[in-house]
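A.B. asks: build me a structure from this.
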Amino acid sequence: MKTHLPKVNLADRKWHVIDANGAVLGRLAAQVANILRGKDKPVFTPHLDAGDFVVIINAERVVLTGKKETDKLFMSYSGWKGGEHYRSVAQIRAKHPERLILHAVKGMIPKNRLGDRLLTKLKVYKGSNHPHAAQKPDTLAAAT
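C.D. replies: Residues are numbered from 1 along each chain as shown. As a prediction, this is how the structure comes out:
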């Protein structure tokens, strides 16, 4: 038997808008990762990019459960000795709140060239305005 390989039509890609206001970060990231990969479609194939575009608005209003707002730390390393920098969620939210969602979604997609391509279809904005109105995106409710 031959393996059936579905045709992924690039013209059938849809755009979705998700409002992150009050959404829990991990649940939102899992929902977005599934849409980006195309796991919600019948033509899903693990090694093909069959997913849709996702626009997330109000990234500064995403919610973390428990004491993660103050206790969770993100580490960055410059490559030099002693070049480790630790930042709390509150510090990241103050400067670049969209990076919280990008970091969470990036951890839930493949760590290869396919994952890099999938991340280009994710657009995150801290306010309620986005420049993708011409694509006529559908609104999706965030996972609760």
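
A.B. asks: helices and strands of the chain: which one bottoms out on pLDDT?
C.D. replies: One helix or strand of the chain scores below all others by mean pLDDT, DSSP states H and E: helix 68-71, with a mean of 92.

A.B. asks: elements contacting it?
C.D. replies: strand 84-88, helix 89-95 (3 or more C-beta pairs under 8 Å, 6 or more residues apart in numbering; DSSP states H and E). Where you see a C-beta, it was placed from the backbone N, CA and C, and this is true even at glycine.

A.B. asks: format the ones you listed as JSON lines; extra columns: distance to Lys41, mean pLDDT and mean neighbour count.
C.D. replies: JSON lines is the format used below for the helices and strands packed on helix 68-71 (distance: least, C-beta to C-beta, whole Å; pLDDT from 0 to 100; neighbours: other C-beta atoms under 10 Å):
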{"stretch": "strand 84-88", "distance to Lys41": "37", "mean pLDDT": "96", "mean neighbour count": "12"}
{"stretch": "helix 89-95", "distance to Lys41": "33", "mean pLDDT": "94", "mean neighbour count": "14"}
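
A.B. asks: next one: stretch 11-22 to chain centre, how far?
C.D. replies: How far stretch 11-22 lies from its chain's middle: 11 Å, per C-alpha atoms, centre = their mean, to the nearest Å.
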